[in-house]
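Asker: based on what follows, work out the 3D shape:
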Amino acid sequence: MAWRLSGISNRLLFLTSVLMLMLLAAGPLKAETRPQDSVSISLATYPFGDAASIHQAFSPLAQYLETRLGVRVNLIVTRDYAELARRLDEGTVDLAWIGSANYVSTFDSERRPQYIATYRERSKESGEVHAFYRAVILALASSGYSGLADLQGKRFGFTDPDSTSGHVYPRMMLEQQQIDPERFFSDTYFLGTHRSVIEALLAGSIQAGAVSDGTYYTAMAEHPGELQVLAWSDPIPLDAIVAAFDLSSETVDQVRQALLDIGTGDHPVNLAIQQNLAWPAAGFEQRSAEFYLPLKRALAGPSLEP
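Answerer: Numbers count the residues shown, from 1 in each chain. Here you go, the predicted model:
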């Protein structure tokens, strides 16, 4: 009996060794996709405003996806843009609403997120629905400034280092005018959110700042005649909805179809975003990751000489 057990053990050891050699020859294993019967999935977004407003704005989206997917959807607001990109790379969030500059920064990752859809808005000027927006550089209307050159030696406010319209694009706009923010302004600040930039500007803590056009339109409605635009950016692709690299293609397809079904009208998802963030939400459309490549190329353009 002892001999028979030893023989069985030897055969098991031999088969295990063969299996290990086969796995090594096949190369590194690809991450398994997530099962379809998960109890819950997570939807993360970046902190573009106060946490309470963000939760109120996106809870209907999480609830809508719960109904469509048949699983609980947990809403997460990350501390900053960098945390959102890092958690996507780690696979500790399943779905993400991500800013366009933050999104293109993930393109070179081995765990590049899967593109799902692009958020879109209805223009407050033309009424047209589009997947673009703009960054604006603002000052007080009473400042007497007529252009960016008048800001030399002034205090300037950005939002977050990874914000598309609150830092990345405005910095590129300034550099295109041969303006180095660290040398041109007396002080530069990262104030965290777009609304914080508006509040600092109105309080006189800064003399100019950069925000999204949606934030500007909202501020103009609340403080008519108090702000002026010194510069507009070129059109910027709006935020993307993406999935972690290992989320199953079936779940990705289900989420995409659910987002496309929201449409441009008075859907609860659109209304919640409009009411709590004052964004002119108009649903989602399917583009592709390549839709964001011009932004990646623009952001990789030459910077100022030291």
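
Asker: going by C-alpha atoms from here, please, whenever you check contacts or count neighbours.
Answerer: Will do.

Asker: pull out the buried positions in stretch 210-228.
Answerer: 210, 211, 212, 213, 214, 215, 216, 217, 219, 227, 228 (16 or more other C-alpha atoms under 10 Å).

Asker: same check, this time on stretch 78-94
Answerer: Buried residues in stretch 78-94 (16+ other C-alpha under 10 Å): 78, 80, 81, 82, 84, 85, 87, 88, 89, 91, 93, 94.

Asker: re earlier: now, the buried residues of stretch 210-228 that are in strands?
Answerer: Counting by DSSP state E, these place 210, 211, 212, 227, 228 in strands.

Asker: so which of those sits lowest on pLDDT?
Answerer: Across the set of those, residue 212 stands lowest in pLDDT, at 91.

Asker: related to what we said a few turns ago, if we only consider the ones in strands among the buried residues of stretch 210-228, which is nearest to residue 235?
Answerer: residue 212 (11.1 Å; C-alpha to C-alpha).

Asker: quick revisit: would you turn the ones in strands among the buried residues of stretch 210-228 into JSON lines with distance to residue 139?
Answerer: Formatted as JSON lines, these follow (distance: C-alpha to C-alpha, whole Å):
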{"residue": "210", "distance to residue 139": "9"}
{"residue": "211", "distance to residue 139": "11"}
{"residue": "212", "distance to residue 139": "14"}
{"residue": "227", "distance to residue 139": "6"}
{"residue": "228", "distance to residue 139": "6"}
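
Asker: now, among these, which is nearest to residue 140?
Answerer: residue 227 (4.5 Å).

Asker: roughly how far is whichever helix or strand residue 43 is part of from the heart of the chain?
Answerer: Assigned by DSSP states H and E, residue 43 falls within strand 40-45. Remark: strand 40-45 is offset 14 Å from the chain centroid, using C-alpha atoms, centre = their mean, to the nearest Å.

Asker: how's the chain carved up into domains?
Answerer: 40-123+238-299, 135-233 (automatic domain parsing).

Asker: take those domains and lay them out in CSV including distance to residue 129.
Answerer: Below are the domains of the chain laid out as CSV (distance: least, C-alpha to C-alpha, whole Å):
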stretch, distance to residue 129
domain 40-123+238-299, 4
domain 135-233, 14
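
Asker: pLDDT weak spots in the chain?
Answerer: 1-38, 301-306 (pLDDT under 70).

Asker: quick one, longest strand in it?
Answerer: strand 114-122.

Asker: give the next helix or strand downstream of that one.
Answerer: Strand 114-122 is succeeded, C-terminally, by strand 129-130 (DSSP H and E).

Asker: please give the centre-to-centre distance between whatever helix or strand comes next after that following strand and its chain.
Answerer: Later in the chain than strand 129-130, the nearest helix or strand by DSSP H and E is strand 132-133. Computed by C-alpha atoms, centre = their mean, the chain-centroid distance of strand 132-133 equals 13 Å.

Asker: over to stretch 227-235?
Answerer: On C-alpha atoms, centre = their mean, the centre of stretch 227-235 falls 21 Å from the chain's centre.

Asker: buried set for it?
Answerer: Neighbour count says stretch 227-235 has 227, 228, 229, 230, 231, 232, 233 buried, by 16+ other C-alpha under 10 Å.

Asker: just grab the bridge partners of the nearest residue to residue 76 once chain neighbours are set aside for me.
Answerer: Leaving out its chain neighbours, the residue that sits closest to residue 76 by C-alpha to C-alpha, 6 or more residues apart in numbering is residue 44, at 4.5 Å. Taking DSSP bridges as the rule, residue 44 bridges to residue 76, residue 96.

Asker: where's residue 44 relative to residue 127, distance?
Answerer: 29 Å (C-alpha to C-alpha, to the nearest Å).

Asker: same drill for the two, tell me which one is more crowded.
Answerer: Shown here are residue 44 and residue 127; by other C-alpha atoms under 10 Å, residue 44 has more neighbours (25 against 10).

Asker: residues touching that one, list them.
Answerer: Contact analysis of residue 44 by C-alpha atoms under 8 Å, 6 or more residues apart in numbering lists 75, 76, 77, 78, 84, 93, 94, 95, 96, 97.

Asker: same check, this time on residue 91
Answerer: Counted by C-alpha under 8 Å, 6+ apart, residue 91 has contacts 244, 245, 246.
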